[in-house]
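1. would you be able to build a 3D model of this:
(one chain, ligands or ions: 2)
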Amino acid sequence: MAPRPAMSHSSAFLLRSPSSSSSSAAASAGGGPDADGAAYALLVLNQRLPRFAHLLWDRAQVRVCADGGANRVFDGMPELFPGEDPDEVRRRYKPDVIKGDLDSIRPEVKEYYSNMGTKIVDESHDQDTTDLHKCVTFITENLDIPNKSNLCILALGALGGRFDHEMGNINVLHTFPNNKIILLSDDCLIFLLPRTHTHNIQIERSIEGPHCGLIPIGAPSGTTTTTGLKWNLDNTSMSFGGLISTSNIVKDESVTITSDSDLIWTISLRDHS
Ligand SMILES: Nc1ncnc2c1ncn2[C@@H]1O[C@H](COP(=O)(O)OP(=O)(O)OP(=O)(O)O)[C@@H](O)[C@H]1O
Ligand SMILES: Cc1ncc(C[n+]2csc(CCO)c2C)c(N)n1
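-> Ligands and ions are numbered 1, 2, ... in the order given. Sure, this is the predicted structure:
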């Protein structure tokens, strides 16, 4: 296989104190870019907020709700602060943008955030792309977002739930292969490993692993080689109907992956509740 440039990946954005990789789970309020200097945009989808949603919110460069995701922020953020006045909590967690076909956001939620100055982008004319797709387009095309080319996109609530939505969300990873997009749930995260690069994934053991998978969703892979896993691939083919790497285990501090096809990487998140 021809040599190709390296791309590194880290889930340090989930660390409580991103500068120290020995610290434990899920981010605290801090402000500013995450661990490895990679700033991120937070995208909230229409599923129950993960337990660490408010912590990621505090450090995001920009916060976008995909249609009904706005209901989840409106209802869910106060639930993460049970002792506090719900309205006070809501005022602290104001989305910058709500975008989608707007058939799921409740009218009172739309009015509430509109009155607070949130930008509402109605794309109800487009019934061919998902709300997640619309929001990723917004982030990649919006000139007002600083440092956009380095911006990672964290999509909360993208996994678990309806299978058609999950597949639509994974399709967005393949539609925007040049953008770093991470789909998150309470239980795991996934992202795309474009075939154009070799990949070096830093494992944050306090918050992720040990279960992981390497899956050729878009197309079969003729050859994939890995290091750092319990069951490594060595110039191995993967396809649906044949071998795909599920229920694998991370062994080392970093995992390297090279493949002739785009692959989906997934790793479990540890339960810190
Ligand atoms: N159950 C789910 N599982 C995974 N992702 C979801 C789920 N529900 C919503 N999403 C994500 O949140 C986004 C916004 O959801 P919303 O329910 O507002 O979309 P929608 O277009 O109204 O959905 P639909 O009309 O298909 O029910 C979706 O584009 C999708 O990316
Ligand atoms: C072949 C095909 N299948 C499904 C849809 C429906 N659809 C896909 S994305 C979307 C918007 C959801 O907010 C809707 C309604 C379509 N247009 N074309």
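2. the domain parsing of this structure - what is it?
-> 27-186, 187-273 (automatic domain parsing).
3. OK, contacts around the residue of the stretch 101-250 of the chain found nearest ligand 1?
-> With Cβ to the nearest ligand atom, the shortest gap between the stretch 101-250 of the chain and ligand 1 falls at G161, namely 2.6 Å. For every residue, glycine as well, the C-beta is placed using N, CA and C. Contacts for G161 (Cβ atoms under 8 Å, 6 or more residues apart in numbering) come out as Q47.
4. could you check how far it is from L183?
-> Remark: distance between G161 and L183 (Cβ to Cβ, to the nearest Å) = 12 Å.
5. same question for A2.
-> A2 is 29 Å from L183, by Cβ to Cβ.
6. swap in L55?
-> 18 Å.
7. quick one on the thing from earlier: worst mean pLDDT among the domains of the chain?
-> Sorting these by mean pLDDT places domain 27-186 lowest, at a mean of 91.
8. hmm, it touching ligand 2?
-> Yes: using Cβ under 6 Å from any ligand atom, we find that domain 27-186 touches ligand 2 at 101, 127-131.
9. neighbour-wise, which of those residues leads?
-> D131 (27 neighbours; other Cβ atoms under 10 Å).
10. just the helices in the stretch 101-250 of the chain please.
-> Ranges of helices in the stretch 101-250 of the chain, per DSSP state H, counting those that start in this stretch, are 107-116, 131-141, 163-175.
11. most tightly packed of the ones you listed?
-> helix 131-141 (a mean of 21; mean count of other Cβ atoms under 10 Å).
12. got a list of contacts for that helix?
-> 41, 43, 45-46, 62, 64-69, 97, 99-101, 121, 123, 126, 129, 145, 148, 151, 153, 155, 158, 168-169, 172, 175-176, 179, 181.
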